[in-house]
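**Student:** let's see this in three dimensions:
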Amino acid sequence: MKKRISIYQPVTPFKRHWRSGSYERIFIFVKNPAQPTTGDYWGHSYFVISGPQEFYSQPAGMDETWFPRVPGGSLGAGDTLYVEAWFNKGQRFTRAWIDRGGSGNATLLTPDPVADPYDNARKRYEYSLYERAMALYPVCPSDGYEMLRFGRILSDHPTLTGAACATWIAVPFDENGTLGYANIAPDAIKKLSDANFPFFTGWRKVDSDNTPFNDAGRCDYATLCGLTGIQDSLPSAQPLEADPNNNNEVNLQLASYVQNTDGVDEKLRGMVFKARSEWDPSNNEERYKDLNDPAGFFGKQKDTNPDGYKNFTDFLSKFQFLDKTALAGQQLWFFHPLAFIRHFRKCGWLSRQELQHLLPKNVVQKATPWKWQTVHLSWAASMLAADNPNAIKRRLELNNAIRKYGIQSPARMACFFGNATEETQWFQKYHEGSPFWYAPWDGRGMLQLTHATNYIKYWKFKGIVVSATVEDILKQHTQMADQSRTLPNGRKGMYDSMHYLRDTSTHIPADLIEKREAMANPFEAADSAGCYWAWSGAACCADEYWTNQSSEYSPLSTDHGVKYFYINWAFGKVAATINTGTPSSNYNSVWDIQSRFLSFANAQIILFDVTSFPQPDGSTSIFPVGFGRVEES
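**Tutor:** Next up is the predicted model:
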């Protein structure tokens with residue numbers, strides 16, 4: 001009897017469709033992929049460009065500031081170019097594959113990533129994405145930002161349509177990595193992502209149409225060779241181990257091919273099999289009946305072991321369980337487990353429980369001595385309630401904003417949440433409600449967008465027109481309110497200055513008041529935070545973590561004894577940047593910086609693979625001193 005050991009694990013054939021809350025199939029794998037009709041997107045972007053196609057040395061009429069001149073070229077009729085694009089530490093990179101003549105086989109052109117021509121020692125494509133969107137898409141920079149990052153607009157109700165969506169990017173199109181510009185906006189160019197499992201990156205669906213397995217689950221050697229595309233050039237196969245049940249020449253040939261032929265294991269890792277599970281007893285007879293044939297394993301033993309086949313199936317059924325589930329009789333998707341994990345780690349979507357774990361267990365409040373406080377989960381109900389529609393909406397929009405503004409790397413997310421958890425008072429407050437001089441333009445959102453100038457800056461990014469008259473009035477009244485904070489006798493007049501910015505004083509339009517109040521709502525709270533992250537340059541500061549990972553613990557005398565928080569220079573720079581709106585390293589003046597450092601250390605534990613924190617006794621640990629989970633309350 002053949003020994004069968006599967007390296008694949010079954011998974012259900014769908015993923016969460018984050019925008020609607022429904023489930024849908026996501027796997028494309030096919031060699032002529034269709035344009036996805038949903039907003040599902042994660043990982044890298046991919047563009048399918050069919051020839052003939054001209055690649056320009058520079059887009060006509062475009063500013064060379066954004067589009068440095070490149071060689072240019074063309075793609076022949078009948079050829080298809082597949083382009084992968086992604087960002088890393090601010091730079092934009094591409095790779096390309098080509099299918100010449102419509103053979104259906106994509107050949108990798110650029111094994112090494114090709115940097116965008118805009119990237120140089122002074123500028124980085126991604127770090128300038130906000131400025132690029134503002135310059136190239138004046139009608140709605142927010143939609144343009146998505147075109148630049150994804151190649152399509154993922155947000156609901158886009159403003160840009162038709163020619164206004166034109167998005168020129170540099171793509172490599174030959175073995176030398178020669179670049180040319182193409183407008184990827186037209187429907188003729190298909191836009192994919194890792195959520196679509198592009199076939200040219202190594203993914204392949206195996207089902208009843210191309211399976212190498214027969215009805216009994218045995219693999220045909222020739223079919224497998226054709227499926228992997230790697231021909232067998234091995235000498236006669238030799239036994240791989242001492243196994244009296246594995247002495248069939250075909251079995252040995254198959255095992256030797258899989259284990260000894262270069263490239264086969266890599267090809268197999270990308271194959272996704274659609275088949276019935278061996279844990280499903282509903283097709284046992286179909287799968288194993290040939291074992292009982294006269295020439296089968298048990299058929300040959302009829303005289304010496306007449307009940308062998310029955311004993312085998314009875315024993316087998318004791319391990320099978322899918323007949324007790326809704327999956328009985330169904331075909332499942334089988335992924336290579338490590339390939340599956342590595343691929344889905346690109347998603348970066350945070351679940352309710354992961355968001356809960358991003359809350360630090362303890363924070364501090366400035367006093368003499370400092371107050372050591374416990375964070376209670378009940379504070380965060382507006383974000384973390386399991387079944388509350390508004391909380392679900394908040395989580396959805398927060399994840400969308402993290403994706404849109406490229407905050408999905410572990411370091412960026414840790415830096416973002418190290419500030420956002422503190423700014424929202426641990427996921428409980430999305431409107432500051434300040435009584436101070438800058439009200440009613442006080443903080444709203446995940447990063448507490450503050451001051452009329454920042455509100456207006458965000459609205460312009462969204463394509464919302466604010467009249468110059470209103471903008472000037474708000475600017476003048478902000479200056480008067482700020483100047484009146486100090487009275488002639490030197491006493492602070494924080495409350496006395498508020499009347500300058502009241503809506504009854506500025507007489508701003510009612511629609512702007514409505515938009516301002518809406519900034520605490522789930523979408524605006526998350527999207528405005530992402531936009532502020534983009535224009536402030538916080539991503540650049542967060543990426544410096546990888547060149548300065550060290551964290552230094554600092555003792556703090558509290559009402560609960562000596563406690564510790566961890567100072568990290570890169571995160572401190574992000575905190576300062578978030579509080580000033582432009583890159584800054586002066587984090588010592590940041591409000592509640594100690595609690596932010598505590599939150600950042602906690603986020604590293606949740607988001608990073610490996611962490612190292614110095615301990616008071618001179619040792620190091622993967623956990624910061626006093627680490628713990630926020631408890632249910």
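
**Student:** switch to C-alpha atoms for all contacts and neighbour counts from now on
**Tutor:** Will do.

**Student:** and the helices in the stretch 51-200 of the chain?
**Tutor:** 129-136, 141-150 (DSSP state H, counting those that start in this stretch).

**Student:** can you list those in CSV and add mean pLDDT and mean neighbour count?
**Tutor:** Formatted as CSV, the entries for these read as follows, by pLDDT from 0 to 100; neighbours: other CA atoms under 10 Å:
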stretch, mean pLDDT, mean neighbour count
helix 129-136, 98, 19
helix 141-150, 98, 25
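
**Student:** which one of these lies closest to A222?
**Tutor:** helix 141-150 (40.6 Å; CA to CA).

**Student:** what's in contact with the closest one?
**Tutor:** Here helix 141-150 makes contact (CA atoms under 8 Å, 6 or more residues apart in numbering) with 45, 129-130, 132-137, 152-155, 158-160, 165, 167, 185, 404, 460-463.

**Student:** for D187, what are phi and psi?
**Tutor:** D187 has phi and psi values of phi -60, psi -20 when expressed as degrees, to the nearest 10.

**Student:** sorry, wrong one. I was asking about T368.
**Tutor:** Note on T368: backbone dihedrals following degrees, to the nearest 10 are phi -120, psi 100.

**Student:** what about the residue nearest to it when sequence neighbours are not counted, distance to A60?
**Tutor:** The shortest distance from T368 to any residue that is not its chain neighbour, by CA to CA, 6 or more residues apart in numbering, is 8.0 Å, and that residue is T558. T558 sits at a distance of 64 Å from A60 (criterion: CA to CA, to the nearest Å).

**Student:** again, but for E146
**Tutor:** Taking CA to CA as the measure, E146 and A60 are separated by 22 Å.

**Student:** return the set of buried residues in the one helix or strand I392 maps to.
**Tutor:** Per DSSP states H and E: I392 is located in helix 389-404. Buried residues in helix 389-404, defined by neighbour count with 16 or more other CA atoms under 10 Å: 390-404.

**Student:** likewise for stretch 340-356?
**Tutor:** Neighbour counts over stretch 340-356 (16+ other CA under 10 Å) mark F340, C347, G348, W349, L350, R352, L355, Q356 as buried.

**Student:** over to stretch 525-539?
**Tutor:** Buried residues in stretch 525-539, defined by neighbour count with 16+ other CA under 10 Å: 525-539.

**Student:** how about stretch 561-568?
**Tutor:** Residues of stretch 561-568 classed as buried by neighbour count (16+ other CA under 10 Å): K563, Y564, F565, Y566, I567, N568.

**Student:** among those residues, name the ones in helices.
**Tutor:** Assigned to helices by DSSP state H, none of the buried residues of stretch 561-568 qualify.

**Student:** please identify which pair of the residues you listed lies farthest apart.
**Tutor:** The span of the buried residues of stretch 561-568, defined through CA to CA, is set by K563 and N568 at 16.7 Å.

**Student:** was I right about D323 contacting P281?
**Tutor:** Yes: D323 is within contact range of P281, at 6.6 Å (criterion: CA atoms under 8 Å).

**Student:** quick check, pLDDT for G443.
**Tutor:** According to the prediction, G443 has pLDDT 96.

**Student:** just the one 4 residues further on next, same as before
**Tutor:** In the prediction, the pLDDT value recorded for L447 is 97.

**Student:** and it, how far from Q301?
**Tutor:** The value you get for L447 to Q301, if CA to CA is used, is 74 Å.

**Student:** before we move on, the earlier item: what's the closest of the buried residues of stretch 561-568 to S256?
**Tutor:** N568 (51.6 Å).

**Student:** okay but that closest one is in contact with E552, surely?
**Tutor:** Yes: in this structure, N568 is within contact of E552 by CA under 8 Å, at 6.6 Å.

**Student:** residues near T577, how many?
**Tutor:** 23 (other CA atoms under 10 Å).

**Student:** just checking, it is part of a strand?
**Tutor:** No: assigned with DSSP: H, G, I helix; E, B strand; the rest coil, T577 falls outside any strand and is helix.

**Student:** give me the nearest residue to W333, chain neighbours excluded.
**Tutor:** For W333, the closest residue by CA to CA, 6+ apart turns out to be K274, at 4.6 Å.

**Student:** so the one you found sits in a helix?
**Tutor:** No: applying three-state DSSP, one finds K274 to be strand, outside a helix.

**Student:** save the helices of the stretch 51-200 of the chain as TSV, and put in distance to G217 too.
**Tutor:** Conversion of the helices of the stretch 51-200 of the chain to TSV gives the following (distance: least, CA to CA, whole Å):
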stretch	distance to G217
helix 129-136	52
helix 141-150	41
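
**Student:** who wins for proximity to Y309 among the ones you listed?
**Tutor:** Distances from Y309 to each of those were compared using CA to CA; the shortest belongs to helix 141-150, at 56.6 Å.

**Student:** what's the angle from the closest one to helix 389-404?
**Tutor:** Using axes from the mean of the first three to the mean of the last three CA atoms, to 10 degrees, the direction of helix 141-150 lies 60 degrees away from that of helix 389-404.

**Student:** restrict helix 141-150 to CA atoms and write it as CSV.
**Tutor:** Listed in CSV are the C-alpha atoms of helix 141-150, where the atom choice follows Å, rounded to 0.1, in the frame of the first residue of the first chain:
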residue,chain,number,x,y,z
PRO,A,141,-5.9,64.7,-4.7
SER,A,142,-7.3,62.0,-2.5
ASP,A,143,-8.4,59.9,-5.5
GLY,A,144,-5.2,60.7,-7.2
TYR,A,145,-3.2,59.5,-4.2
GLU,A,146,-5.0,56.1,-4.6
MET,A,147,-4.3,56.0,-8.3
LEU,A,148,-0.6,56.6,-7.6
ARG,A,149,-0.4,54.0,-4.8
PHE,A,150,-2.8,51.3,-6.2
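
**Student:** which one's more surrounded, T558 and A60?
**Tutor:** Shown here are T558 and A60; by other CA under 10 Å, T558 has more neighbours (19 against 8).

**Student:** hmm, back to that, just checking, next helix/strand downstream of the helix holding I392?
**Tutor:** Along the chain past helix 389-404, the next helix or strand (assigned with DSSP H and E) turns out to be helix 410-423.

**Student:** contacts for that next one?
**Tutor:** 358-359, 402, 407, 426-427, 446-448, 539, 542-543, 545-546, 571, 574-575, 578, 592, 595-601, 603-604, 607-608.
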